[in-house]
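Colleague: fold the following for me, if possible:
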Amino acid sequence: MKTAVDTSNPSTLLSHFTKQLDEINRQYHDFNKLHINIDDTGQFIQVNYTNDEDIDAALTGWLKMEQVGTYLQNYQRMFCLDPNRLDRFFNMDEATAIVPISWLRPTRKRPEGIANGFIYMRQAYQGIIPRRKPISIIPNEEKGLFDIVDGNSTYFIAKQIGIVSMPIICI
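Modeller: Residues are numbered from 1 along each chain as shown. Purely as a prediction, here's the structure:
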């Protein structure tokens, strides 16, 4: 159930937009962070972002207050990844189990693989490409964990997104 927002009070509306932006910035795990600018009259808002190099750029022109909420909802639908929706990232039919991510131990880390993997994870989540296969693991009895055989980049991306459990296949 959505909470009603008092659209007649600009400060209440701004507070609501700030909460929406905080949630988007929490969910959106790329380098850009959204923020809003308010014009001198207090009637129009511009949605901007700051990238990892601290470059500030506008995402929108000046929007009326009533347009901002719709823009942010659409932005969130398009770009934010819900770490609780494993079924949006992974082909769950193939999974033999779901284990806490803390039980998994990566065996390699390739920056290029991680960068590409993030794109694939986002596209799988959005339904653009097929969902990812579960991580392939083997038990590491010495450490009491599971070593990742295939899916190391996916593991690192899942940690960035905030996924706490992963689907696995024991090989």
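Colleague: can you give me phi and psi for the residue lying closest to Pro100 once chain neighbours are set aside?
Modeller: The shortest distance from Pro100 to any non-neighbouring residue, by Cβ to Cβ, 6 or more residues apart in numbering, is to Ser165 (5.4 Å). In this view, the C-beta of every residue, glycine as well, is placed from N, C-alpha and C. Reported as degrees, to the nearest 10, the phi and psi values for Ser165 are phi -140, psi 150.
Colleague: phi, psi of Val164?
Modeller: The phi/psi pair for Val164 (degrees, to the nearest 10) is phi -100, psi -20.
Colleague: next up, the contacts around the closest residue to it other than its chain neighbours.
Modeller: Excluding the flanking residues, the one nearest Val164 by Cβ to Cβ, 6+ apart is Ile101, at 5.8 Å. By Cβ atoms under 8 Å, 6 or more residues apart in numbering, Ile101 lies in contact with Tyr155, Ala158, Lys159, Ile163, Val164, Ser165, Met166.
Colleague: name the element the third one belongs to?
Modeller: Element membership for Lys159, per DSSP states H and E: helix 152-161.
Colleague: contacts only, for the residue lying closest to Leu63 once chain neighbours are set aside.
Modeller: Using Cβ to Cβ, 6+ apart and skipping residues adjacent in sequence, the residue nearest Leu63 is Ile45, 5.4 Å away. Applying Cβ under 8 Å, 6+ apart to Ile45 gives the contacts Leu14, Phe17, Ile36, Asn37, Ile38, Asp39, Trp62, Leu63, Met65, Val68.
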